[in-house]
Structure formats: C-alpha cells, structure tokens
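A.B. asks: Got a predicted model here, sequence first, then my questions.
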Amino acid sequence: MKQIKHPNARGVSLIELMIALLIGSLLILGLVEVFAASRTAYQMSEGMARVQENSRFAMDYLQRDLRMAGHFGCVNDQSHMQSPGELHSHFSELDGPLNFTASVQGYEAADTAPGKTVTLSAPADGWVPALPAFLTGLANKPLPGSDVVVLRYLSSDGVPITAFTAAPGTTTIQVDAANWDTLASNGITDPKLFGIADCNYADIFQAATNPGTGTLTVTKAGLNEDDFTSDRYSASPAGQAMVYRAESVAYYIANSATPGQKALWRVRFNSGAGGALEAMPEELVEGVENLQLVYGLDRSTDASKPSGYIEFQRTADAIAANEWWRVGTIRVGILAKSPNRAAATTPDEAAGQLMPSALGVRFAAPLPSDGFYRTTYESTIALRNRLYGN
C-alpha cells in the first residue's frame, strides 16, 4: 500500500500552544471575576432586601402596639386620670407587669444615650431603672445594650355586655357567646385578663370564663385583690359598656433561635393554670440587633391637666416613676443585621466613614469586618390614646 505524504501538514508549535493557554487562562480568569462580582452583588442585594424586610416587620409590630398604649375603651387613661377612681385595677401586683396605672414604662440600657457609642460585642450591662424580675426571670431574657419598653392597654376590639350583676363576693358579666372569638384572638386563645369600660369608668380584672355561654365570673381570688364593689356598669346605655382583653406586653432584644443571631422579642402576659400569672415570650423578627427609644413628654406637669403638646424629649432614665403619664410620642430606632453574610464591609471611622447610628447612638460592629450588612431605621410614633386634647 502506497503511503500518501502531505508536505504542508505540521503540528502546533510550543509557542502557539503557550499563547493559546495564556488566552484561555485570561478568559477563564475573566469569567471567574465576573462570577465573583455577580455573587458579591447578589449577596449584598439579598442582604439589603432581608434587612429591609425584617426592619419593616419590626417597625410594624412596634408601631401597632405603641399606638395602643393608654387605650381604655371609650376614653383614654389620661381622661380617667382627671377623675381619680374612674380607672380601677383589681390586681394586687402593682409593681409587676399588671400595673395598669402606668400604660408606658421604659428602661434605658446603660451607656446608650444619644451621643454614646455601643460596642455590639461587649455592651455595658444594666438598665436605668433596673429591669424588674418579670423580665430578668424570662428564659430568654433581654440582652444588655438595648432599651426595653412595657406597654399596657385594652385590646382594640371589644364585645358589648348584655348583663352585669354585682353580688357580694362574685360579679357576673355576660356577653354574646357568638362574639367570644373577638376576645380570644391575636394569639390569646384562652384569655383570663380583661377590662370593662364605658365612657365614665374602666376596670381591669382577672376572670374565670365560660366561652360557650359568654360568661365572665369575677371573684376576689387569684390575681384579683378585690371584687367589684358596685354595679356601676349595669346602668350604662345599651352597647356602651364593653369587655376587652387586657394586654400587658414588653418589647426587648434577646438571642434568636437561629445561632449567632439576635432578634426582636415580645412577651405577653396572661393567667394560666390555677390563676397564676403566665409569661408568653415570642420571637418576632430575627436580625434586629439593637433597640433604642426616646420618649416625648407633655408640656404639662399636672396629671389632671394634660395639654397634648409634646415639648420634651427624654430617655427612660431621665423620666421619674410618676411622670410616665406624660409620654405622648416615642421615637424608635433599630439596628438591623442581615441573616447571612452579605459581602459588606464595616465603615472605617478612622478614615472618616460614619458608623451606623440610631437616635444619635452609634454602633461599633463585633469584628473589624464580619461581612454582615447592617443599617438603621428610625420612626416617631404618636401614642394616639395619650395625646389628650389633639
């Protein structure tokens, strides 16, 4: 067999091979850089979106409950203050979570006043005034460095009473059983703490309930220090005397169920088995690292003559125990952190870059650059039930 020769055929030279490898390497490196940049942009975009979403939920929860502070039926708590005795709490634990004579109470975290810098990894411990036992005794208790606020009010939805009978030692309140779900809602399926109010009076109490018949029975037992001493609601015009669920809630920052994360928590109080007080903490929004609060106070210092004009802005440590009735607005600032690393860099203060801040409080991150995206959100909330005269 005759071999066919191709005199012009030849292989790839070493130089050509090296050039081809170089060009291929440059293309691969370019693709890697494009991929890395796209991944970084995606992580940052996702981190920002999650922070924005979580912050919106956190602010929504806070705004909704803060606006309700001081709601006691037909008229607010400041109106009742002008006529002592019109707002009566039957609870004996006036220094605990059921102190409904104070609709708002705040606790200022140590060294977190406007102008201070909080180191997130090692904040100063303590609050002014000191946190009460019903908060420090929680399994997942508040973390140092963040403010705490306690709110008390009657729920927004009530049920008209159909009968009110005050007998010695026992008071029976009747509502339409078909409307019982109005009281057993918003996460409280078996309420035991209630308020009854018309446009003249309001009473806060614990009651045994029979949802099937719509009956509430109040006795001097359990958390109640006393029973009703008069049948003052029996003479209320039809539909004016209403029964509400009594709400006592606290907002604070604690460790999240997600390892390495903090979260906004809320604890609500009800009475459980045997009529004892029961705390029901719940994690609301993960990624909220810090909570700061500043309170707007009424110009008037006379509880019987509130003006509705907010003149002073103070932190909780600068408000006396008998001045909380003056609070009409609350400024809220939160520091939110992405749930996952977002390729973010921590601002370099030495280079003139501003640290995140909320209500004048600056935050130093736990690490020089831990890769998490952080930002702050602020809002001023009017306590619509406290702005007397507006």
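C.D. replies: Good, I have the coordinates.

A.B. asks: ok, Gln63 to Leu383 distance?
C.D. replies: Relative to Leu383, Gln63 is positioned 11 Å away (C-beta to C-beta, to the nearest Å). Every C-beta, even on glycine, is put in place using the N, C-alpha and C of the backbone.

A.B. asks: Neighbour count: the two, which is higher?
C.D. replies: Set side by side, Gln63 and Leu383 show more neighbours around Leu383, with 25 against 16, by other C-beta atoms under 10 Å.

A.B. asks: Excluding sequence neighbours, find me the nearest residue to the more buried one.
C.D. replies: Closest residue to Leu383 in three dimensions, ignoring its sequence neighbours and counting by C-beta to C-beta, 6 or more residues apart in numbering: Ala69, at 5.1 Å.

A.B. asks: show me what contacts the one you found?
C.D. replies: For Ala69, the contacting residues are 103-104, 151-153, 383, 385-386, taking C-beta atoms under 8 Å, 6 or more residues apart in numbering as the criterion.

A.B. asks: Which entries within these meet the buried criterion?
C.D. replies: Buried residues within the contacts of Ala69, counting neighbours by 16 or more other C-beta atoms under 10 Å: 103-104, 151-153, 383, 385-386.

A.B. asks: Which of the residues you listed fall within helices?
C.D. replies: With DSSP state H as the criterion, helices contain none of the buried ones among the contacts of Ala69.

A.B. asks: Kindly reformat the residues you listed as JSON lines containing pLDDT and distance to Phe194.
C.D. replies: Converted to JSON lines, those look like this (pLDDT from 0 to 100; distance: C-beta to C-beta, whole Å):
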{"residue": "Ser103", "pLDDT": "90", "distance to Phe194": "17"}
{"residue": "Val104", "pLDDT": "94", "distance to Phe194": "21"}
{"residue": "Leu151", "pLDDT": "96", "distance to Phe194": "17"}
{"residue": "Arg152", "pLDDT": "94", "distance to Phe194": "13"}
{"residue": "Tyr153", "pLDDT": "94", "distance to Phe194": "13"}
{"residue": "Leu383", "pLDDT": "89", "distance to Phe194": "22"}
{"residue": "Asn385", "pLDDT": "82", "distance to Phe194": "18"}
{"residue": "Arg386", "pLDDT": "76", "distance to Phe194": "22"}
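
A.B. asks: Number of residues surrounding Met355?
C.D. replies: As a burial measure, Met355 scores 16 neighbours (other C-beta under 10 Å).

A.B. asks: how near is it to Asn140?
C.D. replies: As it turns out, when the distance is counted by C-beta to C-beta, Met355 lies 28 Å from Asn140.

A.B. asks: mind listing the strands for the stretch 251-390 of the chain?
C.D. replies: Listed in chain order, the strands of the stretch 251-390 of the chain (DSSP state E, counting those that start in this stretch) span residues 262-271, 277-286, 288-298, 310-314, 327-337, 357-358, 361-364, 374-382.

A.B. asks: what's the angle between the helix or strand hosting Glu108 and strand 327-337?
C.D. replies: Counting by DSSP states H and E, the element that carries Glu108 is strand 104-109. In this structure, strand 104-109 runs at an angle of 40 degrees to strand 327-337, with axes from the mean of the first three to the mean of the last three C-alpha atoms, to 10 degrees as the basis.
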